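Asker: Give me a model of this one.
(2 chains)
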Amino acid sequence: MSRNGLLIDYEYCTGCHSCEVSCRNEKNLPKDKWGIKMTEVGPFNVEGDKWEWNFVPVPTQICDLCEDRLAKGQKPACALHCLGQCMEVGPIDELAKKAEAKGKSVAIFVP
Amino acid sequence: MKKEWMEKHADGSYTVRTCGWSPPGDHPVGCGMKLHVKDGKLVKVEGDPEHPISQGRLCVRCLTLPEFVHHPDRIIYPMKRAPENRGKDKWEKITWDEAYDIIVEKVNGFKKNHGAESIIVFGGTGREACLYYYPLGFSTLQTPNVCYPLSGWSCYGPRCAITDYILGAGYPEIDFAGHYPDRYDHPGYRVPEYLVLWGKMPLWSNPDGFYGHSIIDMMKRGTKIISIDPRLNFLSARAAYWMQLRPGTDTALALGFLNVIINEDLYDHKFVEDWCYGFDELKERVQQYPVEKVAEITGIPAAKIIECARAMATAKPTAIQWGLAVDENPNGVQLGHAILSLSAITGNLDVPGGITLGPPAALLGKWRVETRSQISEELWEKRIGAKEWPALSTALATTHPDETLDTLESGKPYKLRMGWFNSSNFITPTNSAAPQRWYEALKTLEFNVVQDCFMTPTAMAFGDIFLPLPTFAEHDGVVLTHFGRNAIFAGAMNEAFRVGDTRSDIEVCIELGKRLNPENWPWENVPDFFTDQLKPELGIDFDGLREAGVFQPGYEYRKHETGKLRFDGEPGFNTVTGKVELYSTLFEEWGEDPLPYYKEPPYSPVSTPEIAKEYPLVLTTGARKTTSFHSEHRQIKSLRDIDPDPILEINPETAASLGVKEGDWVYIENQFGKCKEKAHLMPAMKPNVVHATHGWWFPEEEAEEPSLYGVWKSNINTLIPHKHIGKLGFGAPFKAILCKVYKAED
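Answerer: Down below sits the predicted model:
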């Protein structure tokens, strides 16, 4: 089994900041440190009625993919609270298969 | 959900399961969460994965709840202030007994000398107080005057009233399978093929208890979005059709859709024949709205309107979710009427994945609006604005908001003397138009009581007595989505701890009720009170609700076929004609056009071209952020770090022509008022349209008058005029008014 990664289906990341704040709560981080931080791309017009406007949370080196929570059978704090339910932690090879099946707008992070 | 709602841990800490409702946070969405309490302090909030709707998801407002609960500025003891010190930070801590003694003496004095009608209760938007301001007014204080001060009652009330008259049903909500424990997998349920978000962006507003991110759930299951919105938002950026209309022209678009659907024969003939009244008249009316004309009014290409109308009509099901843009529009009754007509003639009412309809009587409604039966007919006749505005006063048990301001200003038909501000901070840009006029007028009140969690501009300006509220984490209660008018579920709100000496809305109703009207307030405690309300309707007591966590009463489709939409048990709709009134017999009786029509906004480039020369931009307001609930949360550091300032969205080219850059402070001004926000350049905005956020005040600024926490600095509602409302008394132009924008040099 490969090591764990974090999959983000950013088609459905609505930019709610719940991952950032719940991570801070979980890891007791001060306001100037982040276990995960949201980035924003767009909005810009691609062509016609098509717009690009994406949010992608990026985990930092503080992120340990919530090892302790996983050991207790809980979801990582970010994935539990994510309003778009677009985050998932699991073995990288399994996540890669899911990304391929989804076919677009997916990122896999190995923090 | 598991039966145990409280869990004790070895170190003496414990965890309490609960459902949320402001204060602080949101409408009655009832998100499920676990509150971790240690040494009397809330140390952590986590989402509850067992909750059938929120499923563990939690927004930043609840994730930062400990910051709100234990904020050093929070008011946690009752206080009084001498009336001559209003506007000054000269408060004195008192006991609840002293507060009640003062209030009882004042209330009895006003009743004896001036009549109970000299007392008025002001409510706010969406907080738990929305359930209790009616019994507080009608039963505890026994005044006929309960006021929702927003001009034209421009939030939820108009949509409920339109529904009463056109469908005779509770609130129409899109079917997101919320009624069922097995949710989207429920047998017979299907997701909408198209979901039309009309002037609505539920991801951040979670309107009326609808769980906003259910839309994401449905999109993952194949639902396509039609977004009708002048602003680009997350959902319109992913929509099959983003209909970027000129603000305030929604009714023209709705009539254009009806024109296409009827003329192209795309409607549901059987439903129209069996269940609709006035189809021929509607058909004739929509001929006045050919698509080319609608395209010119709305700014949306004719071909796109036709294509979108066809998609809406031929998809099965299509669910239309109507938003605040229906209420905040003097032409909004016609818009709501047209939207319900669209849903009806396309066969999407009360079908799986379409629009669900609440029964005509609200769940747990008995002790709320119906407490007005405790008021004599003679006193009820004195309700402000009720005679002048029958369409409003028939559906809503309140005063007419605009008439109330007139009464405060003129003293006619009688002088108001005592105000009770029930969770309403409405001189901030939230729940009133022309707040500067309200501010002056409210000074005439002789005695005021304010209930809130923090000192607010409104409390600082007017309060004589301040009664501190516990947060939802600190008292027992029931969360009722859609205020009971189409309840998806009832959720248990459990007291986990309490900071200081606070009392919830219902506790104040009971305790003060025992002193002022004991006959109608026999309950000794809150759980007993709720048991008496829950048992007859849901068959469970309050402890049963705690153990259930969430109680979903279930749902039945096509109630018009089974007689469950009418009090008399006959098939049909609970309207005058027993049908969906495409032609409204009641509107006609009240002197309004019985059919929908388009009317330009009171101020627009088309209706007032002369004024538009000086104020060339169309201003729309009120889009929400995830970091605040209207004027709540401005003092919560973690949330202000995410959204520090009020934001004006403006097209980059328009901004450049005004010499405005990203992040510049700008003035937004028109003939009614002016305020300041920070410019954010948005390429998706039309060049002549700007959007401004609302709800701003600055807890970090000077508390005392004239500052009142900087309440006038970014007060966007000062640009919205008083009493520019529709013919039936509903709707004000919060979403379409003219303005100019220029760089703030100070």
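Asker: List the contacts of residue 44.
Answerer: Picked chain A for this. In this structure, A:F44 makes contact with A:51-53, B:683, judged by C-beta atoms under 8 Å, 6 or more residues apart in numbering or on different chains. To be clear about C-beta, it is placed using only N, CA and C from the backbone, and glycine gets the same treatment.
Asker: my bad, chain B
Answerer: Applying C-beta under 8 Å, 6+ apart to B:K44 gives the contacts A:25, B:36, B:66.
Asker: ok, B:K723 touching B:H400?
Answerer: No: the pair B:K723 / B:H400 is not scored as a contact, 9.7 Å apart, by C-beta atoms under 8 Å.
Asker: okay, those two: which has more neighbours?
Answerer: The neighbour comparison of B:K723 against B:H400 (other C-beta atoms under 10 Å in any protein chain shown) goes to B:H400, with 28 against 17.
Asker: If I look at the closest residue to that one other than its chain neighbours, what pLDDT would I see?
Answerer: Nearest residue to B:H400 in three dimensions, chain neighbours excluded: B:G385, at 2.7 Å (C-beta to C-beta, 6 or more residues apart in numbering or on different chains). The predicted local distance difference test score for B:G385 is 98.
Asker: In contact with B:G385, which residues?
Answerer: When contacts are counted by C-beta under 8 Å, 6+ apart, B:G385 is found next to B:392-393, B:399-404, B:407, B:729.
Asker: tell me the phi and psi of it?
Answerer: Backbone dihedrals for B:G385, given as degrees, to the nearest 10, come out at phi 80, psi 0.
Asker: most neighbours, which of the contacts of B:G385?
Answerer: Among these, the one with the most neighbours (other C-beta under 10 Å) is B:P401, at 32 neighbours.
Asker: so can I have a markdown table of the contacts of A:F44 showing neighbour count and distance to A:D9?
Answerer: Supplementary listing: these in a markdown table, determined by neighbours: other C-beta atoms under 10 Å in any protein chain shown; distance: C-beta to C-beta, whole Å:
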| residue | neighbour count | distance to A:D9 |
| --- | --- | --- |
| A:W51 | 19 | 18 |
| A:E52 | 11 | 16 |
| A:W53 | 18 | 15 |
| B:P683 | 13 | 25 |
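Asker: Pull the contacting residues for B:D501.
Answerer: Neighbouring residues of B:D501 by C-beta under 8 Å, 6+ apart: B:76-78, B:95-96, B:468.
Asker: of all those residues, which two lie farthest apart?
Answerer: Spanning the widest gap among these are B:I76 and B:T95, at 13.1 Å by C-beta to C-beta.
Asker: if you count what's nearby, which of the two comes out ahead?
Answerer: B:I76 (18 against 11).
Asker: where does chain A come near chain B, residue by residue?
Answerer: Contact residues of chain A with respect to chain B, defined by C-beta under 8 Å from any C-beta of the partner chain, are listed as A:11-12, A:14-18, A:21-22, A:24-25, A:31, A:42-45, A:49, A:51-53, A:75, A:77, A:80-86.
Asker: Closest one of the contacts of B:K44 to B:C130?
Answerer: The nearest member of the contacts of B:K44 to B:C130, counting by C-beta to C-beta, is B:P66 at 25.2 Å.
Asker: so that closest one makes contact with B:V45?
Answerer: Yes: with contacts defined as C-beta under 8 Å, B:P66 counts as touching B:V45 at a distance of 6.7 Å.
Asker: With neighbour numbers in mind, choose between those two.
Answerer: B:V45 (22 against 19).
Asker: so is that one in a helix, a strand, or just coil?
Answerer: strand (DSSP: H, G, I helix; E, B strand; the rest coil).
Asker: measure the nearest residue to it once chain neighbours are set aside to chain A for me?
Answerer: Using C-beta to C-beta, 6+ apart and skipping the chain neighbours, the partner closest in space to B:V45 is B:L65 (4.9 Å). From B:L65 across to chain A, the span is 10 Å (C-beta to the nearest C-beta, to the nearest Å).
Asker: got a list of what B:L65 touches?
Answerer: B:24-25, B:35, B:42, B:45, B:471, B:473.
Asker: One more: B:L445?
Answerer: Taking C-beta under 8 Å, 6+ apart as the definition of contact, the neighbours of B:L445 are B:408, B:416-419, B:462.
Asker: residue boundaries of the helices in chain A?
Answerer: All helices of chain A, identified by DSSP state H, fall at A:18-27, A:67-71, A:77-81, A:92-102.
Asker: Need the winner for burial among the ones you listed.
Answerer: Most buried of the helices of chain A, by mean neighbour count (mean count of other C-beta atoms under 10 Å in any protein chain shown): helix A:77-81, with a mean of 26.
Asker: tell me what the helix or strand where B:D101 lies is packed against?
Answerer: Taking DSSP states H and E as the criterion, the element that holds B:D101 is helix B:96-114. In this structure, helix B:96-114 makes packing contacts with strand B:79-80, strand B:119-123, strand B:418-422, strand B:447-452, strand B:465-468, helix B:505-516, judged by 3 or more C-beta pairs under 8 Å, 6 or more residues apart in numbering or on different chains; DSSP states H and E.
Asker: number of nearby residues for B:K41?
Answerer: Counted with other C-beta under 10 Å, the neighbours of B:K41 add up to 13.
Asker: mind listing what the nearest residue to A:G5 once chain neighbours are set aside touches?
Answerer: Nearest-residue entry for A:G5: A:I92, 4.2 Å, with adjacent residues in sequence omitted and distances by C-beta to C-beta, 6+ apart. For A:I92, the residues meeting the contact criterion (C-beta under 8 Å, 6+ apart) are A:2-5, A:108, A:110.
Asker: Please apply the same query to B:V294.
Answerer: With contacts defined as C-beta under 8 Å, 6+ apart, the neighbours of B:V294 are B:252-253, B:255-256, B:259, B:300, B:302, B:305.
Asker: let's go with 10 Å and repeat that
Answerer: Residues in contact with B:V294, defined by C-beta atoms under 10 Å, 6 or more residues apart in numbering or on different chains, are B:245, B:249, B:251-257, B:259-260, B:300, B:302, B:305-306, B:598.
Asker: Next, the angle from the longest strand anywhere in chain A to helix A:18-27.
Answerer: Secondary structure of chain A read by DSSP state E shows that its longest strand is strand A:36-47. Between the axes of strand A:36-47 and helix A:18-27, defined by axes from the mean of the first three to the mean of the last three C-alpha atoms, to 10 degrees, the angle is 170 degrees.
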